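A.B. asks: based on what follows, work out the 3D shape:
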Amino acid sequence: MRLPRGLRSASLRTRVAIAAAAAAATVVAGFTVLTSVVLASNDAAQLDRRLDSIVDASINPEQLQDPRRGVLTTGRSRSTGQVVFQRGFQLPELPPGTDTVEVNGVEYRVRTIEVDQQGGVLMSIGIRADSILLSRARIPAYVAVGVVTVVIAGGLGWLLAGPAIRPLRRLTEHTKQLDRSSEQMPEVRGVREAEELSEAMSDMLSRLAAAQRATTRSLQAAQDFAANAAHELRTPLTAMRADLDTLRIHDLPAEERAEVVADLSRAQRRVEAIITALGALASGQLARAEDREAIDVTDLLDRVARENQRAAGDVGIVVEAAEDLGSVWGWPDGLRLAVDNLVRNAVTHGRATRIVLAADRRDDLVTIVVDDNGRGLPAEEHEAVLGRFTRGSTAAPGGSGLGLALVAQQAALHGGRIELSDSPLGGLRATLTVSATGQRGDGDAPAE
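C.D. replies: The predicted structure is shown next:
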């Protein structure tokens, strides 16, 4: 049902008051109809009882002449139909029984009986059929009571609706004060519907904020990728173009030509490494919490050791994992990339021939230690090389400077950290700590 145009813009409080008044009017009308039916039936019964008492009192001949106010009595001979007795207006000729008739515009309830007198008489006794309880004189009073009831119901609806809609008013005020950076809606207490609406709006704001953070991270990752690629690829691409020009313009001897081709190959590998590393960094920035899963750390270390052992050939890689190591909650590809980079750094830049992968667990923290017997790294560079595009003084040529930055990013994503120190094997020790429960750190945390 469509509301009138004037009520469509009415406040909830006004609508509650109008609804209360309408409900009261409906109840009063229904109650009035029901009461009228009951009272009308009761009136008829009372009229008949009163008529019975008058008839019983009038059976005795000596009482027929007694004046009774509002009572009509008409006696007719059974044989001739002539009126033999009359008091008040004459009643019409009626058969024995009870009827309602109209005399001079007034309704009468009439009882006709046989009286053994003067050869047999049909005596009709009537009383006014006016309602005792449903008097017309009382109709204005009934209407007034109904109107007052409706007004009182509307007023009570208005008063009681005030406290009921107060939480909705507070919710409206809180909503008006929200800005783009708001992620939480202040709690609103009161009626259950207002609390549910407040919780729903808070959930919606959280989802919108998460979506906004994800969008911001995506844009930031794309911008970082483009900026870093443009900056870091300029040098190797320029060198590649120079080498290509040399090969195109000059007819070089075989030895020089082989050297230029080797330079081109190294530059190509560097470009590929930079693009791959930048892509991995961007993937880390866009990691989503719902993509996490249980990671068997022992199995991960075994796979990293086998693959790097096959690639390096003459490097011995040993895994020493505690039996109660269990699993951690995180991103399998990211954590494997971190451990794999630490092993590759030891092989490529540290020129290690022996690497030990150890891991143990304390409460909710899992520690992965990578020791090697390589060239190591000066202590003053241990912190610096964790930054992007920063290479250590002992690094082999052709690297991207992003390997350890990727490790630091994954450590932060997994709620831990990476620390470099001197190894008891003579080279470099990398200690990677991650949270087994998947609690993120303060680094490049992923969007929810």
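A.B. asks: residues of stretch 123-130 that come out buried?
C.D. replies: 123-127, 129 (16 or more other CB atoms under 10 Å). Glycine gets a C-beta too; all of them are placed from N, C-alpha and C.
A.B. asks: look up how far residue 306 lies from residue 299.
C.D. replies: Using CB to CB, to the nearest Å, residue 299 is found at 11 Å from residue 306.
A.B. asks: tell me where this protein has helices.
C.D. replies: Using DSSP state H, the helices of the chain run over residues 5-8, 12-58, 139-177, 192-232, 234-249, 254-285, 297-312, 332-348, 403-413.
A.B. asks: nearest to residue 93, of these?
C.D. replies: Closest approach to residue 93 among the helices of the chain (CB to CB): helix 12-58, 17.7 Å.
A.B. asks: what helices or strands is the closest one leaning on?
C.D. replies: helix 5-8, strand 106-115, strand 121-128, helix 139-177 (3 or more CB pairs under 8 Å, 6 or more residues apart in numbering; DSSP states H and E).
A.B. asks: among these, which gets the worst mean confidence?
C.D. replies: Of all these, the minimum mean pLDDT falls on helix 5-8 (a mean of 48).
A.B. asks: that older thread, could I get the buried residues of stretch 123-130 as JSON lines with distance to residue 436?
C.D. replies: As requested, the buried residues of stretch 123-130 are exported to JSON lines (distance: CB to CB, whole Å):
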{"residue": "123", "distance to residue 436": "110"}
{"residue": "124", "distance to residue 436": "107"}
{"residue": "125", "distance to residue 436": "105"}
{"residue": "126", "distance to residue 436": "103"}
{"residue": "127", "distance to residue 436": "99"}
{"residue": "129", "distance to residue 436": "95"}
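A.B. asks: what's the most buried one of the helices of the chain?
C.D. replies: Per-stretch averages of neighbours, counted by mean count of other CB atoms under 10 Å, single out helix 403-413 among the helices of the chain, with a mean of 24.
A.B. asks: quick revisit: now tabulate the helices of the chain in TSV and tack on distance to residue 357.
C.D. replies: Below are the helices of the chain laid out as TSV (distance: least, CB to CB, whole Å):
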stretch	distance to residue 357
helix 5-8	72
helix 12-58	66
helix 139-177	53
helix 192-232	30
helix 234-249	32
helix 254-285	21
helix 297-312	5
helix 332-348	7
helix 403-413	14
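A.B. asks: which of those sits closest to residue 370?
C.D. replies: helix 332-348 (4.4 Å).
A.B. asks: so for this structure, which residue is the most central one in space?
C.D. replies: With distances taken as CA atoms, centre = their mean, the residue of the chain nearest its centroid is residue 200 (3.6 Å).
A.B. asks: what separation is there between that residue and residue 209?
C.D. replies: Noted for residue 200: a distance of 15 Å to residue 209, by CB to CB.
A.B. asks: ok, now residue 264?
C.D. replies: Distance, residue 264 to residue 209, using CB to CB: 49 Å.
A.B. asks: chain center to stretch 256-274, what's the gap?
C.D. replies: Offset of stretch 256-274 from its chain centre (CA atoms, centre = their mean, to the nearest Å): 57 Å.
A.B. asks: just stretch 241-253 next, same as before
C.D. replies: With CA atoms, centre = their mean, you get 66 Å for stretch 241-253.
A.B. asks: which outside residues touch it?
C.D. replies: Stretch 241-253 has contacts (CB atoms under 8 Å, 6 or more residues apart in numbering) with 257, 260-261, 263-264, 267.
A.B. asks: what do you get if the cut-off is 6 Å, keeping everything else the same?
C.D. replies: The contact list for stretch 241-253 (CB atoms under 6 Å, 6 or more residues apart in numbering) reads 260, 263-264.
A.B. asks: of those residues, which is the nearest to residue 104?
C.D. replies: Ranked by distance to residue 104 (CB to CB), the contacts of stretch 241-253 are led by residue 264 at 131.0 Å.
A.B. asks: for that closest one, which non-adjacent residue is spatially closest?
C.D. replies: residue 243 (4.9 Å; CB to CB, 6 or more residues apart in numbering).
A.B. asks: where does the stretch 251-400 of the chain dip in pLDDT?
C.D. replies: Within the stretch 251-400 of the chain, the ranges that satisfy pLDDT under 70 run 270, 273-274, 277-278, 280-282, 284-287, 397-400.
A.B. asks: how far away is the residue nearest to residue 264 from residue 275?
C.D. replies: Per CB to CB, residue 243 is found 19 Å from residue 275.
A.B. asks: for residue 74, what are its contacts?
C.D. replies: When contacts are counted by CB under 6 Å, 6+ apart, residue 74 is found next to 86, 90-91, 124.
A.B. asks: the same query, at a cut-off of 8 Å, please.
C.D. replies: 83, 85-87, 90-91, 123-124.
A.B. asks: which strand residues bridge it?
C.D. replies: Going by DSSP bridges, residue 74 is paired in beta bridges with residue 86, residue 124.
A.B. asks: show me the domain layout of the chain.
C.D. replies: 12-138, 201-286, 289-448 (automatic domain parsing).
A.B. asks: out of these, flag the one nearest residue 155.
C.D. replies: Proximity to residue 155 (CB to CB) singles out domain 12-138 among those, at 7.4 Å.
A.B. asks: now that closest one, how far from the chain's geometric center?
C.D. replies: Offset of domain 12-138 from its chain centre (CA atoms, centre = their mean): 68 Å.
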